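Asker: give me coordinates for this.
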Amino acid sequence: MKKILVIGSTVADVIVNLDYLPRTAEDVHIKSQSVSLGGCAHNVSDMIGHFGVPYTLFSPVGTGMYGDFVRKHLAEKGVVSPVPTPEMANGCCYCFVESGGERTFIVDHGAEYLFQPEWFDLLDPADYSCVYVCGLEVEEKTGDVVVDFLERSGLPVFFAPGPRLRRIDPGLMERVFALRPVLHLNDDEAEEYTGTDTLESAAGALYALTKNLVVITTGERGACFYDGQALTQVPPVKVERIADTIGAGDGHCGALMACLARGLGPEEAVAKANAAAALLVTVKGGILSREQFAGAAIL
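Answerer: Below you'll find the model as predicted:
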């Protein structure tokens, strides 16, 4: 089986649990705090690995205390990015988690989001079946470097544009859409970007741009996909308790890619991705341990 290429960020997630987000000038006490590996690309690749599909995490890891943290914990997992260490500090993501499990991100972007053209010479596209990229990397000032590689590689693209979709340069978006990527996004992102107010309209508008599978997560309702013929809703896996929603979308995308790589059809792949995302929201942070994944018997 060929590997999946995952391009993007790995960061330290600084997770702060509190009852609610404070108002300006308010003084509140937190419940707890912790630090764990995060970043969209890392979270996606971690889930791909749980499904037994080989991957390469192509992620710059910078300097400083957060870079040291990321490098150390990736090494403990046996993961080494082929990207040389840039002379720039790695950033982090402050994840504020309220009592209901919803999260708010405040992000310090650093070396992990910036790419140099020569780094991509380290990759042989023939080694890979497809490539993942997040909108955050395309939005950054070196986004054209990433898109240049996507165009050169000829690889099928999975694109998760994320909540900052409208901040991406329209010219770069046109180039990405021209690659006919599989799109993975949530319902709010889909409807806001297309200016529509129904999933059917949003999915149809996005498909018109890419002519490829559109997968839209719908929170407690699960997820749906549009293949140019019909919008198919795939029911959720119910959970009794939500710890937080950090990385749920990333994990869903990683599971989807892995299942499609294993030969599953879209409906079964989305169903398994729903199960993986449901498991993720029951644990703290955006990744699962081997024991947690194996215990859920998702495969």
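
Asker: with adjacent residues omitted, what lies nearest to residue 232?
Answerer: Once flanking residues are discounted, residue 232 sits nearest to residue 225: 5.6 Å by C-beta to C-beta, 6 or more residues apart in numbering. (Each C-beta comes from the backbone N, C-alpha and C, glycine too.)

Asker: do residue 190 as well
Answerer: residue 202 (4.0 Å).

Asker: can you pull the contacts of the one you found?
Answerer: 187, 190-191, 193-194, 196, 216 (C-beta atoms under 8 Å, 6 or more residues apart in numbering).

Asker: where does the stretch 1-150 of the chain dip in pLDDT?
Answerer: For the stretch 1-150 of the chain, no stretch has pLDDT under 70.

Asker: now do the same for the residue nearest to the spatial centre of the chain: its pLDDT.
Answerer: Centroid check for the chain by C-alpha atoms, centre = their mean gives residue 250 as the closest residue, at 3.2 Å. At residue 250, the model reports a pLDDT of 98.

Asker: ok but it is inside a helix, no?
Answerer: Yes. With DSSP: H, G, I helix; E, B strand; the rest coil as the criterion, residue 250 is located in a helix.

Asker: that one contacts residue 43, correct?
Answerer: Yes. With contact defined as C-beta atoms under 8 Å, residue 250 reaches residue 43; the gap is 3.5 Å.

Asker: helix or strand: which one has residue 202?
Answerer: Residue 202 belongs to helix 199-210 when assigned by DSSP states H and E.

Asker: just the CA trace of that helix, in PDB.
Answerer: In PDB, the C-alpha atoms belonging to helix 199-210 read as follows (Å, rounded to 0.1, in the frame of the first residue of the first chain):
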ATOM      1  CA  LEU A 199     -26.500  21.600   3.100                       C
ATOM      2  CA  GLU A 200     -27.800  20.500  -0.200                       C
ATOM      3  CA  SER A 201     -27.200  23.900  -1.800                       C
ATOM      4  CA  ALA A 202     -23.700  24.300  -0.200                       C
ATOM      5  CA  ALA A 203     -22.700  20.800  -1.200                       C
ATOM      6  CA  GLY A 204     -23.900  21.400  -4.800                       C
ATOM      7  CA  ALA A 205     -22.100  24.700  -5.000                       C
ATOM      8  CA  LEU A 206     -18.800  23.200  -3.700                       C
ATOM      9  CA  TYR A 207     -19.100  20.200  -6.100                       C
ATOM     10  CA  ALA A 208     -19.500  22.600  -9.000                       C
ATOM     11  CA  LEU A 209     -16.100  24.100  -8.100                       C
ATOM     12  CA  THR A 210     -14.200  20.800  -7.700                       C
END
